[in-house]
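Enquirer: Got a predicted model here, sequence first, then my questions.
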Amino acid sequence: MGVSSNTALVPNDFVKNLIVTQPAADGTGTVKIVPITPLPSPSPGIPQSSTITLNVTDDKYSRQTTFLYVAAAAQGGFESLYSRPTGVYLLDPDPATGHRPNDSFLTGEMHRISWNNIERMQGTYLWADNLDNIFTQLPGNQDVSLNLIGEPCYITDSTIYPTTVTWCDTNPPPGSTTCTSCTGGNLRAVPWDPNLMTRRESYISQLASHLQSTIIGSTSELAKISIINTNLPGGDSGIRNADGKAFSATQGLPNHTMMSGYNRPALLSAIQHELRTVQDAFLKVPVGPIQAAPLVQIGFFLATDDKGPTSGGGDGTFNDEYGSGSTKMRAIRGL
């Protein structure tokens with residue numbers, strides 16, 4: 001059995017943060033997870049909620065269950081705003097074809113929303129054809145899952161942002177933005193570039209405000225959204241990797257492209273920034289006494305790293321790394 005947590009509140013540290021009792025050798029008994037007190041006091045930058053995941057595995061099956069944990073000092077009635085939606089979603093429906101089934105077994109639709117299509121020019125947002133049409137054609141009694149992808153081309157335009165740190169993505173993820181070409185790929189900003197992160201904050205804020213203020217029938221677009229899947233701008237789906245290879249990108253072509261400024265703290269900081277930017281924006285908008293805020297999540301895949309399990313040089317060392325060569329790094333630790 002394995003127990004893990006992905007939060008700064010009670011990180012996966014069984015010495016300093018968690019007390020975990022184990023069942024008997026034959027599997028019988030009870031598992032108790034108790035955070036070691038005192039917990040951090042509520043304050044900016046200190047999240048007061050976490051998810052705790054239990055994994056049960058033997059030679060026949062594997063089962064995983066995730067629990068939401070909210071610190072008592074942080075509740076104040078807000079625990080009801082956390083949603084854990086479930087259901088069956090139609091992936092990537094094409095509004096242009098008109099094939100939008102309203103089958104009773106469908107919970108809703110998942111749509112990929114390109115930041116570049118919406119904000120092709122800085123500060124100008126094209127909502128109608130790239131977002132609003134989803135809701136105007138949504139079958140009745142269905143909701144929406146949004147998958148936020150891509151980044152705008154103006155970020156890598158040197159005449160607008162000459163200081164943007166870029167890299168050449170030779171294996172871009174599906175749906176990524178095609179801007180300036182580079183040798184064998186597309187030029188993109190690195191995930192921790194300050195210009196990219198600043199513009200991302202503005203875009204996400206505008207997105208949340210638009211969804212809340214745009215009314216379809218008698219309901220806001222935001223009220224129709226159950227899940228927001230955010231991705232790491234400048235990277236791949238969630239935080240899986242970059243360029244289809246290890247995130248550290250130390251070897252360059254033909255293996256994979258150099259990503260300037262990479263170190264493990266930089267990557268972790270970019271991941272935290274993205275998740276908190278989206279979460280904060282959508283928790284701040286009014287959702288009414290019944291409608292829960294949408295579930296905000298990022299793909300917590302294990303990020304790969306070829307710096308080895310004992311890499312130094314200011315890159316940070318993660319105690320729960322394992323292996324060598326292309327080392328798996330638990331980049332979600334501490335979120």
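Expert: Done, it's in.
Enquirer: The stretch 201-335 of the chain: strands as residue ranges?
Expert: Counting by DSSP state E, counting those that start in this stretch, the segments of the stretch 201-335 of the chain that form strands are 215-216, 219-220, 225-230, 295-298, 303-305, 327-329.
Enquirer: tally of neighbours for residue 127?
Expert: Residue 127 is flanked by 16 other residues according to other Cβ atoms under 10 Å. C-beta here means a position set from N, CA and C on the backbone, and glycine is covered the same way.
Enquirer: Now do the contacts for it.
Expert: Shown in contact with residue 127 (Cβ atoms under 8 Å, 6 or more residues apart in numbering): 118, 210, 214.
Enquirer: care to break this protein down by domain?
Expert: 2-76, 89-329 (automatic domain parsing).
Enquirer: what about the first one, average pLDDT?
Expert: So the one you mean is domain 2-76. Mean per-residue pLDDT for domain 2-76: 62.
Enquirer: Ok, the last one next?
Expert: The predicted model gives domain 89-329 an average pLDDT of 81.
Enquirer: quick one: the closest residue to residue 21 other than its chain neighbours and residue 20, what's the gap?
Expert: The spatially closest residue to residue 21, leaving aside those adjacent along the chain, is residue 32, at 4.6 Å (Cβ to Cβ, 6 or more residues apart in numbering). Separation of residue 32 from residue 20 (Cβ to Cβ, to the nearest Å): 7 Å.
Enquirer: what about the two, which has more around it?
Expert: Between residue 32 and residue 20, counting by other Cβ under 10 Å, residue 20 is the more crowded of the two (13 against 9).
Enquirer: Pop out the phi and psi values for the more buried one.
Expert: phi -120, psi 120 (degrees, to the nearest 10).
Enquirer: Touching, it and residue 31? I think so.
Expert: Yes. Under the criterion of Cβ atoms under 8 Å, residue 20 makes contact with residue 31 at 6.9 Å.
Enquirer: hey, C-alpha coordinates of stretch 264-278 in PDB?
Expert: What follows is stretch 264-278, C-alpha atoms only, in PDB (Å, rounded to 0.1, in the frame of the first residue of the first chain):
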ATOM      1  CA  ARG A 264      14.200  21.700 -10.700                       C
ATOM      2  CA  PRO A 265      13.100  24.700  -8.600                       C
ATOM      3  CA  ALA A 266      12.400  26.700 -11.700                       C
ATOM      4  CA  LEU A 267      10.100  24.000 -13.100                       C
ATOM      5  CA  LEU A 268       8.400  23.500  -9.700                       C
ATOM      6  CA  SER A 269       7.800  27.300  -9.400                       C
ATOM      7  CA  ALA A 270       6.300  27.400 -12.900                       C
ATOM      8  CA  ILE A 271       3.900  24.600 -12.100                       C
ATOM      9  CA  GLN A 272       2.900  26.200  -8.800                       C
ATOM     10  CA  HIS A 273       2.300  29.500 -10.600                       C
ATOM     11  CA  GLU A 274       0.100  28.000 -13.200                       C
ATOM     12  CA  LEU A 275      -2.100  26.000 -10.900                       C
ATOM     13  CA  ARG A 276      -2.500  28.800  -8.300                       C
ATOM     14  CA  THR A 277      -3.200  31.400 -11.100                       C
ATOM     15  CA  VAL A 278      -6.100  29.300 -12.400                       C
END
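Enquirer: Give the buried residues for that stretch.
Expert: 264, 266-268, 270-275, 277-278 (16 or more other Cβ atoms under 10 Å).
Enquirer: Next: stretch 232-250.
Expert: Using 16+ other Cβ under 10 Å as the test for burial, stretch 232-250 gives 232-243, 245-249.
Enquirer: just the helices in this protein please.
Expert: Under the criterion DSSP state H, the chain contains helices at 115-118, 133-136, 194-213, 264-284.
Enquirer: so can I have JSON lines of those showing distance to residue 179?
Expert: Rendered in JSON lines, the data for these read as follows (distance: least, Cβ to Cβ, whole Å):
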{"stretch": "helix 115-118", "distance to residue 179": "8"}
{"stretch": "helix 133-136", "distance to residue 179": "24"}
{"stretch": "helix 194-213", "distance to residue 179": "12"}
{"stretch": "helix 264-284", "distance to residue 179": "19"}
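Enquirer: Relative to residue 181, which of those is closest?
Expert: Closest of the helices of the chain to residue 181 is helix 115-118, at 15.2 Å (criterion: Cβ to Cβ).
Enquirer: Which strands and helices lie in contact with that closest one?
Expert: helix 194-213 (3 or more Cβ pairs under 8 Å, 6 or more residues apart in numbering; DSSP states H and E).
Enquirer: All set now, cheers.
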